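predicted model and sequence follow; I will ask about them next.
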Amino acid sequence: MKIFLLAVLLFVVGCSNGQEAEVEENVLEDLLGDWHGAIEVPDVPLNIQVSFEEDEDEEVIGFISIPAQGIDRYPLSDLEVEEEVVSFEMDIPGQFIEFEGELTENETFEGDFNQQGHTFDFKLERGLLAEEDDQEEINWLTVDTEFGPLQGELLEPEGEEAQTVALIIPGSGPTDRNGNSPGMENDSLKMVAETLGEQNVASLRYSKRGAGENSEVTIPEEELAIEDLVEDAVKWLQKLDEKEQYDQLIIVGHSQGALIGSLAALQVDVDGLVSLAGAGRPMSEVLLDQLEGQLTGDLLEEAEMIIESLQEGEYVEEVSSELYSLFRPTVQPFIATWFTYNPTEIASSITVPTLIAQGTHDTQVFVEDAENLAEAYPNNDLVIVDGMNHVLKDSPSPNDMSSYADPSIPLSEDLVEEINQFIERLSP
């Protein structure tokens with residue numbers, strides 16, 4: 001989480017008048033059309049396409065596509081220009097991202113891509129993004145919700161028919177079914193699914209609302225509650241439980257997904273639970289720990305005040321610009337509902353076999369959390385993985401973030417071994 005915890009895809013802008021209005025109009029006219037290129041994430045550039053066109057009122061509107069994350073023509077909002085700098089917003093509950101760039105004389109559109117303190121260059125050229133020819137055939141399943149159908153990928157192991165199926169629940173933010181968020185492609189949850197497949201376990205993994213294949217199935221941010229995410233998980237568990245070929249149903253939850261999974265396990269009978277980097281304290285305590293390592297002085301005092309207010313169910317209207325992405329008023333109702341749950345209290349009511357795995361190089365959730373969970377779950381195996389970070393990969397130090405954006409780095413071998421042993425113990 002490190003402040004890439006909750007947040008929303010926001011692209012902040014300004015506006016102009018007088019002579020500046022003419023400049024803005026010219027820039028917007030030059031912007032019209034299709035642009036393709038990449039966010040230059042080290043070693044693994046993320047291909048994107050951005051398209052600008054005029055609507056019926058001759059207003060310029062925009063769309064962004066990120067094929068690797070299943071995002072197709074997602075609408076941009078508040079497209080504006082300030083002193084020839086183009087900025088735009090994309091509202092997806094759970095993450096903060098900012099694009100800010102300029103058109104160049106060489107017919108390119110380039111600038112900075114920012115995600116919670118991580119900055120990468122982006123560069124776009126005119127034209128459409130080339131279609132990828134090696135798309136794998138995906139076995140999609142669907143569940144109906146009030147805001148539209150959610151899709152998920154069912155991965156069946158090759159060979160012998162699976163008797164066990166796992167629901168893989170992603171962590172906070174606009175995380176897709178592979179464990180990726182915009183600018184942070186690591187494929188961690190895809191690798192978890194493949195690890196399970198090697199143990200002849202089928203898996204269903206799905207993107208959060210607002211991400212990947214579910215990018216358009218959103219709930220307005222100010223109306224979103226943690227219970228909505230639990231309801232999504234319950235629907236998927238019920239869908240899998242209806243499939244008669246499976247004898248066992250288990251949950252694998254990562255980070256926030258571990259809390260969602262434990263709450264869902266109170267509503268649907270499951271045979272096992274895996275908590276990967278799951279918090280073992282109320283989120284208010286975890287978040288405060290994170291911020292104490294990053295903030296000082298007035299900002300830390302403000303953050304403490306906001307957290308205390310949200311714990312009491314009271315919202316804060318005035319938030320400083322430095323903390324706005326994390327505590328903006330529209331996301332506070334969601335945070336407040338998240339704060340109400342104590343993972344250890346929930347865990348004490350879950351008696352199925354549980355694997356608790358936590359890395360020592362995780363800067364977002366800590367070994368203390370895993371130890372708290374181990375004291376609470378009645379039937380658990382606790383595994384502390386030396387050197388593993390929050391995206392379940394080995395890293396040379398806690399501050400090395402390279403594996404967050406590198407899908408070529410595999411899961412921690414020790415974690416894979418522990419998952420395999422846990423599955424063997426569960427075998428029907």
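On my side now, so go ahead.

remind me which residues of this protein are low pLDDT?
Along the chain, segments meeting pLDDT under 70 span 1-23, 43, 70, 90-96, 116-117, 132-136, 428.

and it, what are its domain boundaries?
Here the chain is described, according to automatic domain parsing, as comprising the domains 19-126, 140-282+341-426.

same list (those) but as TSV, adding distance to T330.
Glycine gets a C-beta too; all of them are placed from N, C-alpha and C. TSV is the format used below for those (distance: least, Cβ to Cβ, whole Å):
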stretch	distance to T330
domain 19-126	9
domain 140-282+341-426	4
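
so which of those domains gets nearest E302?
Comparing the domains of the chain by their distance to E302 (Cβ to Cβ), the top pick is domain 19-126, with 17.4 Å.

in which helix or strand would I find L141?
Assigned by DSSP states H and E, L141 belongs to strand 140-143.

likewise for G101?
Mapping G101 onto the secondary structure by DSSP H and E places it in strand 98-103.

what lines up beside that strand in the sheet?
The partner list of strand 98-103 in its sheet, established with DSSP bridges, is strand 85-89 (antiparallel), strand 108-115 (antiparallel).

neighbours of D386, how many?
Applying other Cβ atoms under 10 Å, we find 10 other residues in the vicinity of D386.

please apply the same query to the one 5 residues further on.
Neighbour count for V391, taken as other Cβ under 10 Å: 30.

then the one 4 residues further on?
Burial of S395, expressed as a neighbour count using other Cβ under 10 Å, amounts to 23.

check contacts around the residue nearest to it when sequence neighbours are not counted.
What sits nearest to S395 in space, not counting adjacent residues and going by Cβ to Cβ, 6 or more residues apart in numbering, is N389, at 4.5 Å. Contacts for N389 were tallied using Cβ atoms under 8 Å, 6 or more residues apart in numbering; they are G359, H361, D362, T363, S395, P398, D400, S403, Y404.

mind checking which of those residues land in strands?
When the contacts of N389 are checked against strands (DSSP state E), the matches are G359.

now the strands for the stretch 101-250 of the chain?
With DSSP state E, counting those that start in this stretch as the criterion, the stretch 101-250 of the chain has strands at 108-115, 118-126, 140-143, 150-155, 164-169, 201-206, 248-254.

strands paired with the third one, and their directions?
Put plainly, it is strand 140-143. Listed by DSSP bridges, the sheet partners of strand 140-143 and their directions read strand 150-155 (antiparallel).

which outside residues touch the partner strand?
Contact partners of strand 150-155, identified using Cβ under 8 Å, 6+ apart, comprise 138-143, 177, 193-194, 197, 202-207, 209, 213-214, 217, 232, 235-236.

recalculate using a threshold of 10 Å.
Around strand 150-155, the neighbours that count as contacts under Cβ atoms under 10 Å, 6 or more residues apart in numbering are 70, 136, 138-144, 162, 165-168, 177-178, 190, 193-194, 196-197, 201-209, 212-214, 217, 232, 235-236, 239-240, 243.

quick one: closest of the strands paired with strand 98-103 to A303.
Across these, A303 has its closest neighbour in strand 108-115 (19.7 Å, Cβ to Cβ).

before we move on, back to that, now, of the strands paired with strand 98-103, which is deepest in the fold?
Using mean count of other Cβ atoms under 10 Å, the stretch among the strands paired with strand 98-103 with the greatest mean number of neighbours is strand 85-89 (a mean of 21).

CA atoms of stretch 249-258 as PDB?
Taking Å, rounded to 0.1, in the frame of the first residue of the first chain, the C-alpha atoms of stretch 249-258 are listed here in PDB:
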ATOM      1  CA  LEU A 249     -13.700 -24.900  -2.800                       C
ATOM      2  CA  ILE A 250     -10.900 -22.700  -1.400                       C
ATOM      3  CA  ILE A 251     -10.200 -19.000  -1.200                       C
ATOM      4  CA  VAL A 252      -6.900 -17.300  -2.000                       C
ATOM      5  CA  GLY A 253      -6.800 -13.700  -1.000                       C
ATOM      6  CA  HIS A 254      -4.000 -11.200  -1.500                       C
ATOM      7  CA  SER A 255      -3.600  -8.100   0.700                       C
ATOM      8  CA  GLN A 256      -7.100  -6.500   0.900                       C
ATOM      9  CA  GLY A 257      -8.400  -9.600  -0.800                       C
ATOM     10  CA  ALA A 258      -7.400 -11.700   2.300                       C
END
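
ok now it, how far from the chain's centre?
Taking Cα atoms, centre = their mean, to the nearest Å, the mean C-alpha location of stretch 249-258 is offset from the chain mean by 14 Å.

repeat that for stretch 165-184.
Once both centres are worked out by Cα atoms, centre = their mean, stretch 165-184 turns out to sit 5 Å from its chain's centre.

how many residues are close by N47?
Burial measure for N47: 15 neighbouring residues, criterion other Cβ under 10 Å.

for the residue nearest to it when sequence neighbours are not counted, which three-state class applies?
The spatial neighbour of N47 that comes closest, neighbours along the chain excluded (Cβ to Cβ, 6+ apart), is A38 at 5.1 Å. Assigned state for A38: strand (three-state reduction, DSSP: H, G, I helix; E, B strand; the rest coil).
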